[in-house]
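Visitor: what shape does this take:
(2 chains)
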Amino acid sequence: MPLRITLGAAGVALIAVGLFFLLPLPGLLGVVFWFAGAIALHDALIGPIVLVTGLLVARLPDRAVVRGALITMGGLVLITIPALLRPGPSPNPTVLVQDYPRNLLICLAAVAVVAVVLVLVRRRR
Amino acid sequence: MGPMNPTLPQFRGRLHDARTAVAIGRWLGSAVVVCFLTGLISHVLQHPPGWMTGLLPVRPAWGYRLTQGLHVASGLAAIVLVMAKLWAVYPRLFAWPPFRSLPHLVERLSIALLVAATVFELFTGLINILQWYPWPFSFTQTHYAVAWIVAGSLLLHLAVKAPLIRENWRRKKADVDAADRRALLAGVGAAVGAVTLTTVGQSLSALRGFDLLAPRSPNVATQGMPINRTAAAAQVTYASSDGWALEVAGPKPFRVTLAELEAMPQRRVRLPIACVEGWSADAWWSGVPVRDLLARAGAPPGSALRVESLEVWGYYRVMEMPAQYADDPDTLLALRLNDEVLSLDHGYPARIIAPNRPGVLQTKWVSRMEVR
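Guide: Next comes the predicted model:
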């Protein structure tokens, strides 16, 4: 119990440190807006999409592999979306140097191939 | 879960439980801790508080390359893990009644803070490595401040959930969902592996071939090295260095032309540029050791250095170098990169290269050095 209280108190102290650094900054309203946006984006958009997808694959044969492949593809898409959406010209010739749509498709295809192989191997057993 | 409210969604998936939350939470917690600590290291190296300047380590030369590579890699891994963790606990969002007691309300608010701060931190970090700033606040300062809120609300969360964590830390003997859970965790692990494999090549040379999705590729470079801030962005042209001479201010101030610098004893070292955005690459640099220039200026031992750039404007136009870096034999006023004269984008006519410092402090287009 004392450990638990110490941990909680340390947590509150670190939050206070963060607020101490954060509150004097200009553009604070923007930070609040982005905080709320972070929760809304997940809880109202990403969460439901993932859950509905989960519901759709729930009854598929080889669900475990399909689900793993979809999680992997989702992760790859998530970290690439900003590179796909960034507007305007690249700020310098060595940032965003790759062909992201093509590379993402290559990665997704590789995941799909691995998933198919896994399904075949599991069925043979 | 308590009483149900028929208008709220119902969840029957059995993996939305504390056991899954603990299993994924362990990984996520580890990633967040690595990300927080390496972030602190980066902050201290870039903006050291006065009492720490003398303590910053010059060795290992690849130190910042490792810690900042880990910072970005653990952050990218955490993006996948936080999504999985939120999936596991999502049904709790619809707990009814919304709060049972004041402590319960405080707990839910602290979780809202943890989720908002973590998603904010990971998202701004992800966008920043593209050098994209679509927000009205300062990235560096805000990302630093919110990191403390993430760390604090994580500790608070661990304290609140301690009994549940203890109960589910070890595999339960009678887990009817063991196989399904293992498959789910394997899927999350595969996602973390895939994200890491396709991005970590921007700092880990051995995996460069798999760097398909990172914003940088050390293979796409001029003179074998990517560029963070171009000459155009810094408004520096070859004309800026017409009649260039380095001014060294100190007890015995002097000016040297490029030809004179080239005639001085040169040193060739292999040092990395490691950028705050996570990419890094090694290169051969040649030039005049900074300590030789300081000695010629009559600097007393233990002198620090201020370096100014030709660039018209920039957060890092003026760079302070603590004494231990200025004195290191490998710290150069470099004139050549991989045995070619520096290109304008790499800092022609002369730039700083020092071991174990963030890329933004490797000042390009040096115009003036001042003994401090």
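Visitor: enumerate every residue touching residue 53.
Guide: All of this is about chain A. Listed by C-beta atoms under 8 Å, 6 or more residues apart in numbering or on different chains, the contact set of A:Thr53 reads A:Leu70. For every residue, glycine as well, the C-beta is placed using N, CA and C.
Visitor: chain B, not that one
Guide: B:304, B:320, B:322.
Visitor: helix or strand with the lowest mean pLDDT in chain B?
Guide: helix B:231-234 (a mean of 86; mean pLDDT, DSSP states H and E).
Visitor: am I right that B:Val192 is in a strand?
Guide: No. Going by DSSP: H, G, I helix; E, B strand; the rest coil, the assignment for B:Val192 is helix, not a strand.
Visitor: against which helices or strands is the helix of greatest length in chain B packed?
Guide: Secondary structure of chain B per DSSP state H: the longest helix is helix B:18-46. Applying 3 or more C-beta pairs under 8 Å, 6 or more residues apart in numbering or on different chains; DSSP states H and E, we find helix B:18-46 packed against helix B:63-89, helix B:139-160, helix B:162-168, helix B:178-197.
Visitor: what sits up against the third one?
Guide: In this case it means helix B:162-168. Applying C-beta under 8 Å, 6+ apart, the external contacts of helix B:162-168 come out as A:4, A:7, B:18-19, B:21-23, B:25, B:158.
Visitor: centroid residue for chain A?
Guide: The centre of chain A sits closest to A:Leu78, judged by C-alpha atoms, centre = their mean, with a distance of 4.9 Å.
Visitor: gap between it and A:Ile71?
Guide: When distance is defined by C-beta to C-beta, to the nearest Å, A:Leu78 is 10 Å away from A:Ile71.
Visitor: using PDB, list the CA coordinates for the least confident helix or strand of chain B.
Guide: Output of helix B:231-234 as PDB, limited to C-alpha atoms (Å, rounded to 0.1, in the frame of the first residue of the first chain):
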ATOM      1  CA  ALA B 231      20.900  26.300 -47.800                       C
ATOM      2  CA  ALA B 232      17.700  27.600 -49.400                       C
ATOM      3  CA  ALA B 233      15.800  27.300 -46.100                       C
ATOM      4  CA  ALA B 234      18.600  29.100 -44.300                       C
END
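Visitor: and it, is it in reach of chain A?
Guide: Yes. For helix B:231-234 and chain A, the contact criterion (C-beta under 8 Å from any C-beta of the partner chain) is met by B:Ala233.
Visitor: quick one: the helices in chain A, in order.
Guide: Using DSSP H, helices in chain A cover A:2-22, A:28-40, A:47-57, A:63-85, A:100-124.
Visitor: re the thing from before, now, among the contacts of B:Thr53, which is nearest to chain A?
Guide: B:Glu320 (21.3 Å; C-beta to the nearest C-beta).
Visitor: secondary structure element for the closest one, which one?
Guide: Using DSSP states H and E, B:Glu320 falls within strand B:318-321.
Visitor: what comes up buried for that strand?
Guide: Within strand B:318-321, the residues that count as buried by 16 or more other C-beta atoms under 10 Å in any protein chain shown are B:319, B:321.
Visitor: do stretch B:256-266 as well
Guide: Burial within stretch B:256-266, assessed by neighbour count using 16+ other C-beta under 10 Å, is assigned to B:256, B:258, B:261-262, B:264.
Visitor: can you give me the end-to-end span of that stretch?
Guide: 15 Å (C-alpha to C-alpha, to the nearest Å).
Visitor: next one: stretch B:328-341
Guide: Counting by C-alpha to C-alpha, you get 23 Å between the two ends of stretch B:328-341.
Visitor: contacts for the least confident helix or strand of chain B, please.
Guide: Under C-beta under 8 Å, 6+ apart, the answer for helix B:231-234 is A:91-92, B:237, B:309-314, B:344-345, B:364-365.
Visitor: if we use 6 Å, what do you get?
Guide: B:311, B:314, B:344-345 (C-beta atoms under 6 Å, 6 or more residues apart in numbering or on different chains).
Visitor: just stretch B:325-338 next, same as before
Guide: Outside stretch B:325-338, the residues within contact range by C-beta under 6 Å, 6+ apart are B:58, B:223-224, B:269, B:283-291, B:305, B:346, B:350-351, B:353-355.
Visitor: among the buried residues of stretch B:256-266, which pair sits farthest apart?
Guide: Comparing every pair within those by C-beta to C-beta identifies B:Leu258 and B:Met264 as the most remote, at 10.9 Å.
Visitor: among the contacts of stretch B:325-338, which lie within helices?
Guide: Per DSSP H, those map to helices at B:290-291.
Visitor: drop anything exposed from the contacts of stretch B:325-338.
Guide: Among these, the ones that count as buried by 16+ other C-beta under 10 Å are B:58, B:223-224, B:269, B:283, B:285-291, B:305, B:346, B:350-351, B:353-355.
Visitor: lowest average confidence, helix or strand, in chain A?
Guide: Lowest mean confidence among the helices and strands of chain A (mean pLDDT, DSSP H and E): helix A:47-57, at a mean of 90.
Visitor: what angle separates that one from helix B:63-89?
Guide: If you take axes from the mean of the first three to the mean of the last three C-alpha atoms, to 10 degrees, helix A:47-57 sits at 70 degrees to helix B:63-89.
Visitor: what's the angle from helix A:47-57 to helix A:63-85?
Guide: Using the same axes, to 10 degrees: helix A:47-57 against helix A:63-85 is 140 degrees.
Visitor: and helix A:47-57, how far out from the chain's middle?
Guide: Put simply, helix A:47-57 sits 15 Å off its chain's centre (C-alpha atoms, centre = their mean, to the nearest Å).
Visitor: repeat that for stretch B:282-295.
Guide: 26 Å.
Visitor: any part of that stretch near chain A?
Guide: No. Stretch B:282-295 stays out of contact with chain A when judged by C-beta under 6 Å from any C-beta of the partner chain, the minimum separation being 13.5 Å.
Visitor: export only the CA atoms of that stretch, formatted as PDB.
Guide: The C-alpha coordinates for stretch B:282-295 follow below in PDB (Å, rounded to 0.1, in the frame of the first residue of the first chain):
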ATOM      1  CA  ASP B 282      28.000   7.900 -40.400                       C
ATOM      2  CA  ALA B 283      30.500   9.800 -42.600                       C
ATOM      3  CA  TRP B 284      34.100  10.700 -42.900                       C
ATOM      4  CA  TRP B 285      34.800  14.300 -42.100                       C
ATOM      5  CA  SER B 286      38.000  16.200 -42.600                       C
ATOM      6  CA  GLY B 287      39.000  19.700 -41.300                       C
ATOM      7  CA  VAL B 288      40.800  21.600 -38.600                       C
ATOM      8  CA  PRO B 289      40.400  20.400 -35.000                       C
ATOM      9  CA  VAL B 290      38.400  23.100 -33.100                       C
ATOM     10  CA  ARG B 291      40.900  22.900 -30.300                       C
ATOM     11  CA  ASP B 292      43.700  24.000 -32.600                       C
ATOM     12  CA  LEU B 293      41.700  27.100 -33.500                       C
ATOM     13  CA  LEU B 294      41.100  27.800 -29.800                       C
ATOM     14  CA  ALA B 295      44.700  27.300 -28.900                       C
END
